[in-house]
Structure formats: C-alpha cells, structure tokens
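# following is a predicted model, sequence given first.
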Amino acid sequence: MTKDSADNEAGLDVSDLDRHMGVPMEPGLLKEPVATNDIRRWVQAMHYPNPLHYDDRWFTESRFGELVAPQSFTVTCDTSHGCAPAQVGRIPDSHLIFGGDDWWFFGPRVRPGDLLICHRMPFDYRVTETSFAGPTCFQRGDTLYINQRGERVALQRSTSIRYKPRKAKEKKRFSDAGEPTWTDEQLDNLEVDKLKFIDQIQSLGHSPRYWESVSVGDLLAMNAMGPHSLASFATEWRAYPMTIWGATRKGPTSLSAEELGYTKEMAGLEGDRQMERINPELTDGAYHGPSRGHLQPRWAEHVGMPRGYGYGASMGAWLIDYVSGWAGEWGMITHSSANFRNPALTGDASIFAGEVTGKNVDRRGRHLVQITVTMTTQEGATAAKASVEVLLPSRDQFASGAFRDGQDLGSVR
C-alpha cells in the first residue's frame, strides 16, 4: 500500500485502512438459493440476449441440457457486488465508486438451486492524484465464491475508488456533460450493432468455437447497449438479489456507511438489517443511502457526477457477457481484468469492440485465447478496457470427448 504527500495535505485520511488489510471479514450469504427466474431476470437487466440463459428450448438442446447462469451472474450471489472487502476502513467525508475488477473462474457453473457463500479479504490500497477528485484512494479486496458442494466457483478482486465529493465537484470534470439528444437514424444504427452481436450468438448456436479456428487479429462482432436511462439502471439494480427486502442472511458489512466515512447526506441505512424489519425503504439503495446517486440525478451531482450513472458491477458483467457471447457455450472465461475509466451515464450508449490478441496452450494442455475489449461511448470516449482469457476446445479434444466429459472445464455434470 502506498500513500503520497497529497494524502494529508488534502485531508484524505486513510490512517484507519492499514489495520484491515489481510484480515478476513464475515462472509456474505443470501437466504435463498438461485432461482430459475433470477437468471432470466439477470440477462434481461444486463441486456444479454443469449437464449442459453433464458429460452427453455435452446438450453435444453445445449451441451448443459438445462438452464445455467452466465459467468457474469456470479456477482449476484454476493451481498455487496463484491465491493465489501474493497471499502473497509474509515475515510472521513468520502464517497465510493467502482474502479474495475479481476475475475478468476475455476470451472463450476452456477445453476438454479445453488447457494453460494462469499468469503472476503481486504487486499491493499494506494492513494494518488486524479483529475476527477484530486487525492483519491484506490482500494482492492477479494471475494471468493464457494457453492454448497464446497467447489470454488470464482475469485473476484474488486477495486473501489474512494474520494471526497467536495473535491470532485470543485474539479468539475463533468460540468459540460449534458444529456445527448438522439436522432432516429442514430438509434437505428445502434440497433444494427446490437443485431451483429445477436447474429454472432445465433449463428454459432450449440457448436463449439474451436481454438484452431481463431487467429490473432480476429475481431469480435460489435455490440451496443443503450441509450442508458434511469429505467435501465433501476432494472439492473433490481436484478441483484441482495437488493430485495429480506433477502440477505449475512449482509455486506458489519459497519454502517457513516462508520465507513460516507458524507452525512449519502450515508443512510442501506443494508441495515434491524431497520429493514421496521421500514425497509430506508435501507433500500434505490431510495436512500450511498447507492441512490445512480438513480437520482440530484444525488449524482452531489457526488461529482453530472447525472444518473450505472453500476460498476454491471459494467464488469457487460464485458464478461460480451466475450462469453463470442466464445459460445463450449467456451469459458478463465480470467478477466477490467479497468473502468468513465461511468455509463444516462443518455449515453456503450459500444463494445473486441480483438483476439493472443493464443497459447498452457502447461496443463488447455487451449487459451486472449482478447482485448474496449467499451466506448457513442462519441468515442473510452469508458472501460478489459483483457480477457478464454478457454476453448481443440478439435482433437472435442472429437475424443475429453472436453465434452469436463476434463478441461471441470464443470459439466
């Protein structure tokens, strides 16, 4: 962990963080196992039109023979978007937004009936100067997702960005960011890009995308999402089971937002299980507390944003879904490293492009492909970048049945 001289000069007090690093936290746990419509609701909210995850005829004819969740769904099995271990320690008068995450997937797919427990560990932090808010703390924490069979599903290393809203408003980075106006022609062009992505999924169908068929320099079909709106962001929020009243057995953290240092206006009682039994609306992030800036423009401006903005956990899911759609049902993402540069704002669209930048066979004989993904706005501004590694079957593995039997994935039953 590092701290530069701007720390104390600007009053960004991170002195409480050191005592939390490397100290295990209380695990997170939802009350109910994953339901069929949890998965369908998720892909609907993430605008991921892959019938493998919602259409009974399609998934029955798939390699799985049943409904399985997309890999991006894993984050919904936690009670804090994976953010709890990345926001330990008090930073007075601060706020938090997502800065990115790394995912390592170990094989098992999430299915209806699964109930995951999430083990958490704060990892590290650093303080640096940013154009957005001056002295800013980038804090990381790990969440390990383990299913009821004791199998490791995934490890998520989240990055939070903790800063002083007052400094962000002074910097005025988004002061001229008015909501754009779209013409009918521009909206039609977005639909064209969306259809390219859908056609890529539909045309591959249940067939494998062989490792040998992929070359460095290949481009993934583009995809588009948006224009984003308060309605679409609210739909995303409600796709996380943790946002449902009474759904959490073990909450996101034992500390309140105020104890973590959130400003009085944004602290609230989000996640307070005692208050949930009395007046659950006060604990609901759509209405009160730190999360309301996403859906309420007044509070978005209060934390330095120009208008409503999307959830970092959703942005990470979009990137994973984008590559998963290309990989097909026989492919599996093994690692994704995403860096978020700018938030998804209401009125903007998100444009996805991907390129194969490498391929190799590792020491375990796994056939891997590396893909670089960029997410930009309709004006070409970079919103996120990701490096994604994908496991694909080779022709010999598929023909011999080795891949089909799960010897490479370890996830097919």
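Right, received. Where do you want to start? These numbers were taken from a predicted model, which means no experiment stands behind them. Residues are numbered from 1 along each chain as shown.

# thought Pro51 was touching Trp58?
Yes - the criterion here is C-beta atoms under 8 Å, and Pro51 meets it with Trp58 at 3.7 Å. The C-beta positions use only the backbone N, C-alpha and C, and glycine is treated the same way.

# ranges for the helices of the stretch 251-400 of the chain?
Per DSSP state H, counting those that start in this stretch, the stretch 251-400 of the chain carries helices over the ranges 257-260, 264-267, 273-276, 297-302, 312-327, 395-400.

# how far away from the center of its chain is the second one?
What it means is helix 264-267. The chain centroid and the centroid of helix 264-267 are separated by 24 Å under C-alpha atoms, centre = their mean, to the nearest Å.

# separation between the residue nearest to Asp38 when sequence neighbours are not counted and Gly308?
Distances taken as C-beta to C-beta, 6 or more residues apart in numbering place Pro241 nearest to Asp38, at 6.1 Å, with adjacent residues excluded. From Pro241 over to Gly308 the distance is 22 Å, taken as C-beta to C-beta, to the nearest Å.

# more crowded one of the two?
Gly308 (26 against 20; other C-beta atoms under 10 Å).

# was I right to think that one contacts Leu295?
Yes - using C-beta under 8 Å, Gly308 makes contact with Leu295 at a distance of 5.9 Å.

# now list whatever residues contact both of the two.
Counting by C-beta atoms under 8 Å, 6 or more residues apart in numbering, the shared contacts of Gly308 and Leu295 are 230, 233.

# how about Trp104: what's its closest non-neighbour residue?
Nearest one to Trp104, counting by C-beta to C-beta, 6+ apart, is Leu155 at 4.6 Å.

# that neighbour - that's part of a strand, no?
Yes - Leu155: assigned to a strand according to DSSP: H, G, I helix; E, B strand; the rest coil.

# residue contacts, it?
Leu155 touches 103-104, 106, 142-145, counting by C-beta under 8 Å, 6+ apart.

# next one: Thr377
342, 348-351, 383.

# okay if I get those residues as a markdown table plus neighbour count, distance to Ala224 and pLDDT?
Converted to a markdown table, those look like this (neighbours: other C-beta atoms under 10 Å; distance: C-beta to C-beta, whole Å; pLDDT from 0 to 100):
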| residue | neighbour count | distance to Ala224 | pLDDT |
| --- | --- | --- | --- |
| Asn342 | 19 | 17 | 88 |
| Asp348 | 26 | 11 | 95 |
| Ala349 | 21 | 6 | 96 |
| Ser350 | 25 | 7 | 97 |
| Ile351 | 20 | 5 | 96 |
| Ala383 | 21 | 13 | 94 |
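
# out of those residues, name the ones that lie in strands.
Counting by DSSP state E, the part of those found in strands is 350-351, 383.

# which of these lies closest to Phe233?
Lowest distance from Phe233 to the ones in strands among the contacts of Thr377 (C-beta to C-beta) belongs to Ser350, with 12.2 Å.

# quick check: Asp142 touching Asp124?
No - between Asp142 and Asp124 there is no contact under C-beta under 8 Å: 10.2 Å.

# so for the two, which sits in the more crowded spot?
Remark: of Asp142 and Asp124, Asp142 carries more neighbours, 20 against 15, as counted by other C-beta under 10 Å.

# OK, contacts around the closest residue to that one other than its chain neighbours?
Among residues not flanking Asp142 along the chain, Met121 sits closest, at 4.8 Å (C-beta to C-beta, 6+ apart). For Met121, the contact set (C-beta under 8 Å, 6+ apart) comprises 22-25, 85, 141-142, 144.

# among the residues you listed, the buried ones, what's the ChimeraX command?
What follows is the ChimeraX syntax selecting those of those that are buried according to 16 or more other C-beta atoms under 10 Å:
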select :25,85,141,142,144
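
# what's the closest of the contacts of Met121 to Trp245?
Met25 (23.4 Å).

# pLDDT at the closest one, what is it?
You'll see Met25 listed with a pLDDT of 91.

# can you tell me the SS state at the nearest residue to it once chain neighbours are set aside?
Excluding its sequence neighbours, the residue lying closest to Met25 (C-beta to C-beta, 6+ apart) is Arg120, at 4.1 Å. Arg120 falls in the strand class when you classify it by three-state DSSP.

# how about Arg120: which residues does it bridge to?
Per DSSP bridges, the residues bridged to Arg120 are Thr143.

# re the thing from before, nearest to Ile39, of the contacts of Met121?
Scanning those for proximity to Ile39, where the rule is C-beta to C-beta, the winner is Leu144, at 21.4 Å.

# quick one: the closest one and Ile117 touch, right?
No - using C-beta under 8 Å, Leu144 is not in contact with Ile117, being 9.0 Å away.

# buried sites along whichever helix in the chain runs longest?
Across the chain, the longest stretch assigned as helix under DSSP state H is helix 184-204. Using 16+ other C-beta under 10 Å as the test for burial, helix 184-204 gives 190, 193-194, 197-198, 200-201, 204.

# equivalent analysis for stretch 156-176, please.
In stretch 156-176, counting by 16+ other C-beta under 10 Å, buried: 156-169, 171, 173-174.

# show me those residues that map onto helices.
Those of these lying in helices (DSSP H): 165-169, 171.

# tell me the one among the residues you listed nearest to Glu258.
Once C-beta to C-beta is applied, the member of these that ends up nearest Glu258 is Pro165, at 14.6 Å.
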